[in-house]
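**Student:** just the structure for this:
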Amino acid sequence: MRLLNHLLPVVPLLQTASSSGPVAIIARPSPANETRVVLGDTFTGDAYIDASHADNETWIGNVLFTPSARTHWHTHEKGQLLRVIAGSGWVCDKGASPRHLRVGDTAWCPRGVTHWHGVEEGSFLVHEAIAYGATEWLGAVGNEEYGQAGCVDC
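**Tutor:** Here you go, the predicted model:
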């Protein structure tokens with residue numbers, strides 16, 4: 001049922017698409033959106049971003065976290081969707097225990113909720129992120145906080 005809910009917005013596109021003809025590339029990132037290394041004002045550790053779309057309302061991209069990398073604490077004006085493509089990691093709301101992320105998981109970070117996400121120790125993590133509205137970046141997640149990430153729901 002959850003999968004169906006994610007696919008429902010796409011159904012009108014599928015219904016209007018031609019059943020014959022060549023494959024159509026519907027989006028391609030501009031050269032300005034090539035892979036870039038994330039700077040230390042928003043992440044701790046090495047992370048790489050491939051942004052495929054960015055405007056005032058929505059940001060879409062893939063993020064590769066290397067071992068020990070994680071975002072700083074942050075919020076999203078209208079929420080954020082994370083879909084894990086490879087590896088394993090964590091997502092954690094302020095004041096809560098970290099939640100384990102694994103390949104195939106989809107996580108919703110509600111608007112205004114302070115959180116971080118990053119790689120599980122000894123792994124890599126690749127997730128697609130779709131952020132809605134502005135992102136407010138807060139302080140770094142300390143090594144002690146990050147080191148306390150334990151498997152709550154493995």
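**Student:** separation between Val103 and Asn56?
**Tutor:** Distance of Val103 to Asn56, given as C-beta to C-beta, to the nearest Å: 32 Å. C-betas here are computed from N, CA, C, even on glycine.
**Student:** neighbour-wise, which of those two wins?
**Tutor:** Between Val103 and Asn56, counted using other C-beta atoms under 10 Å, Val103 has the larger neighbour count: 13 against 7.
**Student:** if you skip the residues just before and after it, what's nearest to the more buried one?
**Tutor:** Val84 (5.5 Å; C-beta to C-beta, 6 or more residues apart in numbering).
**Student:** looks to me like that neighbour is in a helix.
**Tutor:** No: going by DSSP: H, G, I helix; E, B strand; the rest coil, the assignment for Val84 is strand, not a helix.
**Student:** that one reaches Arg102, doesn't it?
**Tutor:** Yes: Val84 is within contact range of Arg102, at 6.2 Å (criterion: C-beta atoms under 8 Å).
**Student:** got the contact list for the residue lying closest to Ser68 once chain neighbours are set aside?
**Tutor:** With C-beta to C-beta, 6+ apart as the criterion, Ser68 has its nearest non-adjacent residue at 4.7 Å, and that residue is Gly45. Residues counted as contacts of Gly45 (C-beta atoms under 8 Å, 6 or more residues apart in numbering) are Phe65, Thr66, Pro67, Ser68, Ala69, Arg70, Gly118, Val119.
**Student:** all helices for this protein, in order.
**Tutor:** 2-7, 11-16, 143-147 (DSSP state H).
**Student:** against Asn56, how distant is the closest residue to Asp93 other than its chain neighbours?
**Tutor:** Nearest residue to Asp93, sequence neighbours excluded (C-beta to C-beta, 6+ apart): His115, at 4.9 Å. His115 sits 22 Å away from Asn56, going by C-beta to C-beta.
**Student:** could you do Lys94 as well?
**Tutor:** Lys94 is 26 Å from Asn56, by C-beta to C-beta.
**Student:** again, but for His74
**Tutor:** In terms of C-beta to C-beta, His74 sits 18 Å off from Asn56.
**Student:** point out where the chain drops to low pLDDT.
**Tutor:** 1-21, 25-37, 39, 148-154 (pLDDT under 70).
**Student:** go through stretch 98-111 and flag the buried ones.
**Tutor:** Pro98, Arg99, His100, Leu101, Ala107, Cys109 (16 or more other C-beta atoms under 10 Å).
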